[in-house]
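Undergrad: Predicted model and sequence follow; I will ask about them next.
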Amino acid sequence: MVQESKIRVRFAPSPTGYLHIGGARTCLFNWLYARANKGTFVLRIEDTDKVRSTKEYLDEILDSLKWLGLNWDELHFQSERFEIYRTYARKLLDEGKAYLAEDGSGAIILKMPQKTVEINDLIHGVIRFDTGLIKDQVLIKTDQSPTYNFACVIDDSQMNITHIIRGDDHISNTPKQIVIYEALGLKLPQFAHIPMILGEGGGRMSKRAGATAITEYRRMGFLSEALANYLMLLGWSPGNNQEIISLKESSEKFNVADANKTAAAFNMDKLLWINSQYIKNMDLEKLSAELKSFCEAEKTSAQNPWDEKEALRVLKLYRERATTLIDLQEALKIFTGPELAIDEAARQKFLSIDLSREFGILKENFSNISEFSAMATEAAFKSTVDKCGITTKQLIHPLRVAVSGRTIGPGMFELLEALGKERTLARIDSVLAGFKK
RNA sequence: GGCCCCAUCGUCUAGCCUGGUCUAGGACGUCAGCUUCUCAAGCUGUAGACACCGGUUCAAAUCCGGUUGGGGCUACCA
């Protein structure tokens, strides 16, 4: 039985910038294709531009990929392979398929043959090019470093890449590369050009039009699973009207050939919605761990040290109404210490009139509760409003502001239970003191 | 300019390859309602698209051609 050669794909970022949305999606498709076919996912750093490549960008790219869960099986650096490219270029020189630049600069240039080249793209089908329209291509630059198209071909061939999955902005690079493959007598890989991601307005994605760096999304409080989920939906669909899909599930059914041809506009609202779905449905302990590492990364740890039990309580209460980790982080602040920062507008709206009598009675009733449960606080609250002859609404909103500092939040009594008796009474004392002034 | 890619609701898409089941399905967003101690969530419902023209065919979102529109490439950047 003939063993079909294993699928090998690669993602080849250049460390001349951070990893952006488009690159991440390209990487994701490669990764999914490799995992779906039990193949190998190669990460190749295209750092031939010594001036513009930096260690910082490299680290940022690697960190972003790890965060997204896109692990690689092999890692290569083009900067370590310059001699290989020169060897191949010399071969072309010897065979008369390339020539030395006439200006004596030392650059090696490929003679462009006059022919028609065909790409059989997995997504676009056959695409034809007339190479007569393409000028001779520089292979090795004056500084003896390889050009992108040359290094790319040599590496893809040497690394036995079977499928090249990349953005369709590379379609016009493909004939130039094919000519190099043919000049060297190398086996052609399969090509799959996936569409680009457009900005919110439909134009080119840019920093100006919105965030583009993966790290920025992380800082905005997105869960990596949610971002990956959203990204894979840009240009691919699992079918069955499914919107929420994990990396694991998608890596079982993904196929590049099913990818769309049309560019997709980035839409923050949908990303936000997917993120909220993950926050609502994720395993609570896992969510807590995510929040913890988010707080640590942001160095704005609301809790110090981290109180897991409390975090779990808060998460349970707030995850339903949270969209990002930032929302959760904010919620956590309400539970930090007895002190509370009260929103000024909220204070104006609900605590500007003197409610010292009402809060006084409420405090007394709360004090008498032995087990500070939602049910018990609700009963105590009820008897308070009855005694004061006011409606629930007249006191519940001020109370919410008093104990949580804001007008919005979870159900009043679940909130009180989570806060606990001690903290609740302390905060009531605090507003009581305010009324006396 | 030349070459190339693309074209279904505002957005992401299903359907297109293998024409009829499409009076075009789903999701986000919008709007309305339910629920309600706030804000959400949730549930129900509403409006909303096959870019245009022509051809092939008994029949086209689906096939073909053109137009228009958008995008990419055209570097000794990647």
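TA: Cool, got the structure.
Undergrad: SS state for A:Leu328?
TA: Three-state call for A:Leu328 (DSSP: H, G, I helix; E, B strand; the rest coil): helix.
Undergrad: Pull the number of nearby residues for it.
TA: By the measure other C-beta atoms under 10 Å, the count of residues near A:Leu328 is 25. Quick note: C-beta positions are derived from backbone N, CA and C, even for glycine.
Undergrad: Please enumerate the strands of the stretch 251-400 of chain A.
TA: Here the stretch 251-400 of chain A has its strands, by DSSP state E, counting those that start in this stretch, at A:264-265.
Undergrad: Spell out which parts of it neighbour RNA strand B.
TA: A:258, A:260-265, A:267, A:269-270, A:272-273, A:276-277, A:280, A:320-321, A:392-393, A:396-397, A:400 (C-beta under 7 Å from any atom of the strand).
Undergrad: In ChimeraX, select just the buried ones from these.
TA: Here is the ChimeraX selection string for the buried members of those, based on 16 or more other C-beta atoms under 10 Å:
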select /A:263,264,272,276,277,396,397,400
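Undergrad: Could you tell me which of the residues of the stretch 251-400 of chain A next to RNA strand B belong to helices?
TA: A:Asp269, A:Lys270, A:Leu272, A:Trp273, A:Ser276, A:Gln277, A:Lys280, A:Thr392, A:Lys393, A:Ile396, A:His397, A:Arg400 (DSSP state H).
Undergrad: ok, A:Leu68 - contacts?
TA: Listed by C-beta atoms under 8 Å, 6 or more residues apart in numbering, the contact set of A:Leu68 reads A:Ala24, A:Cys27, A:Leu28, A:Ile214, A:Ser224, A:Leu227, A:Ala228.
Undergrad: Helices of the stretch 301-437 of chain A, start to end?
TA: Per DSSP state H, counting those that start in this stretch, the stretch 301-437 of chain A carries helices over the ranges A:308-318, A:325-334, A:344-350, A:356-367, A:374-388, A:392-404, A:412-419, A:421-436.
Undergrad: per the record, what domains does chain A have?
TA: Using automatic domain parsing, the domains assigned to chain A come out as A:8-78+A:196-270, A:81-194, A:283-334, A:344-436.
Undergrad: Turn those domains into TSV, columns for mean pLDDT.
TA: As requested, the domains of chain A are exported to TSV (pLDDT from 0 to 100):
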stretch	mean pLDDT
domain A:8-78+A:196-270	94
domain A:81-194	96
domain A:283-334	90
domain A:344-436	94
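Undergrad: you'd agree A:Lys111 is up against A:Tyr99?
TA: Yes - counting by C-beta atoms under 8 Å, A:Lys111 does reach A:Tyr99; the two are 6.5 Å apart.
Undergrad: Which stretches in the stretch 101-250 of chain A count as strands?
TA: A:108-110, A:116-121, A:125-130, A:137-140, A:163-167, A:190-194, A:197-198.
Undergrad: do the last one and RNA strand B meet?
TA: If I follow you right, that is strand A:197-198. Yes - in terms of C-beta under 7 Å from any atom of the strand, part of strand A:197-198 sits within range of RNA strand B, namely A:Leu198.
Undergrad: which two in the ones in helices among the residues of the stretch 251-400 of chain A next to RNA strand B are spaced the farthest apart?
TA: Spatial extent of these (C-beta to C-beta) is set by the pair A:Lys270 and A:Thr392 at 37.7 Å.
Undergrad: contacting residues for A:Lys363?
TA: A:Leu425, A:Ile428, A:Asp429, A:Leu432.
Undergrad: And A:Arg204, by the same measure?
TA: A:Leu198.
Undergrad: That one and A:Gly23, how far apart?
TA: Going from A:Arg204 to A:Gly23 by C-beta to C-beta, to the nearest Å gives 14 Å.
Undergrad: swap in A:Arg166?
TA: 10 Å.
Undergrad: Please list the residues of the stretch 101-250 of chain A that sit near RNA strand B.
TA: Residues of the stretch 101-250 of chain A lying near RNA strand B (C-beta under 7 Å from any atom of the strand): A:101, A:103, A:105, A:107, A:124-125, A:127-130, A:133, A:135, A:138, A:141-143, A:145, A:147-149, A:168-173, A:195-196, A:198, A:202-204, A:233-237, A:239, A:241, A:243.
Undergrad: ok, now with 6 Å
TA: Selection of the stretch 101-250 of chain A residues close to RNA strand B by C-beta under 6 Å from any atom of the strand yields A:101, A:103, A:105, A:107, A:124, A:127, A:129, A:133, A:138, A:141-142, A:147-148, A:168-169, A:171-173, A:196, A:202-204, A:233-235, A:237, A:241, A:243.
Undergrad: out of those, which are buried?
TA: A:107, A:124, A:127, A:129, A:138, A:141, A:147-148, A:168, A:171, A:196, A:233-235.
Undergrad: Quick one: residues contacting the residue of chain A most remote from its centre.
TA: In chain A, counting by C-alpha atoms, centre = their mean, A:Lys387 sits farthest out from the average C-alpha position, at 53.5 Å. Counting by C-beta under 8 Å, 6+ apart, A:Lys387 makes contact with A:Ile361.
Undergrad: closest to A:Val9 out of the strands of the stretch 101-250 of chain A?
TA: The closest of those to A:Val9 is strand A:163-167. By C-beta to C-beta, the value is 5.1 Å.
Undergrad: What are the contacting residues of the closest one?
TA: A:7-10, A:12, A:22, A:26, A:29-30, A:33, A:122, A:156, A:189-196, A:256.
Undergrad: redo that, cut-off 6 Å
TA: A:Val9, A:Thr26, A:Phe29, A:Asn30, A:Pro189, A:Gln190, A:Phe191, A:Ala192, A:Met196, A:Val256 (C-beta atoms under 6 Å, 6 or more residues apart in numbering).
Undergrad: And for stretch A:86-95?
TA: With C-beta under 6 Å, 6+ apart as the criterion, stretch A:86-95 contacts A:Ala98, A:Ile108, A:Leu139, A:Ile140, A:Ile154, A:Ala183.
Undergrad: A:Lys176 and A:His163: what is the separation?
TA: From A:Lys176 over to A:His163 (counting by C-beta to C-beta), the distance is 19 Å.
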